[in-house]
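Enquirer: I would like to see how this sequence folds:
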Amino acid sequence: MHAELPPSPWLLRWGHLLHPGMRALDLACGSGRHVRWLADRGLRVTAVDRDAAAVQPLQAIADVRVADVEGGPWPLPDQQFDLVLVTNYLWRPLWPRLRAALAPGGLLVYETFAQGNETVGKPSRPDFLLAPGELLARCDGLRIVGYEDGFLDAPPRFLQRIAALQPDPAASQPLRVALPTR
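Expert: Numbering: from 1, shown residues only. Okay, the predicted model is just below:
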């Protein structure tokens with residue numbers, strides 16, 4: 001079960017930008033490995049997944065929404081979040097909703113499979129694999145603070161991942177983003 005897995009190293013890399021009280025959306029959260037990590041750090045988490053049994057244990061720590069975001073209505077109309085997190089999930093028609101859900105100054109952390117993954121395992125369908133540079137194109141207009149496109153060994157997989165900030169037109173100072181140290 002994924003609940004026992006540690007959080008994504010990509011999320012951990014940007015964790016220094018997250019603070020207690022921030023509103024976080026974990027889309028396609030599954031059994032909640034990231035929901036738990038975020039809630040443990042004091043973020044107010046909204047967890048969305050279509051699997052009611054998987055998210056049921058998360059109800060004590062998150063605002064859980066059981067929703068089929070691919071075939072049904074968007075479950076969070078007019079809501080914005082300081083963090084929008086998506087890992088290991090891709091449904092391209094949701095991009096306008098994800099962008100609209102990102103509050104001014106908010107952080108998008110997105111990580112999923114890329115073309116080439118069909119040579120090492122699942123997912124292998126083109127519908128579920130990002131094209132080269134696709135995350136960069138989808139985040140046009142956001143401030144990209146981190147981006148990677150490549151291969152990881154354990155387990156073998158091709159990934160793209162991005163961390164990007166929504167501009168805040170009301171900000172009086174230029175945005176200073178402390179880059180993570182490795």
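
Enquirer: contacts, neighbours, all on C-alpha from now
Expert: OK.

Enquirer: for the top strand by length along the chain, packing partners?
Expert: Longest strand in the chain, counting residues (DSSP state E): strand 102-113. Judged by 3 or more CA pairs under 8 Å, 6 or more residues apart in numbering; DSSP states H and E, the packing partners of strand 102-113 are helix 9-13, strand 81-87, strand 157-165.

Enquirer: tell me how far the shortest one is from the chain's mean position?
Expert: In other words, helix 9-13. 11 Å (CA atoms, centre = their mean, to the nearest Å).

Enquirer: I'd like the average pLDDT over the longest strand of the chain.
Expert: Mean per-residue pLDDT for strand 102-113: 97.

Enquirer: circling back: of all the helices and strands packed on strand 102-113, which one is nearest Thr119?
Expert: strand 157-165 (8.9 Å; CA to CA).

Enquirer: thinking again about what came up before, include mean pLDDT and mean neighbour count when you put the helices and strands packed on strand 102-113 into CSV, please.
Expert: Formatted as CSV, the helices and strands packed on strand 102-113 follow (pLDDT from 0 to 100; neighbours: other CA atoms under 10 Å):
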stretch, mean pLDDT, mean neighbour count
helix 9-13, 96, 16
strand 81-87, 98, 23
strand 157-165, 97, 22
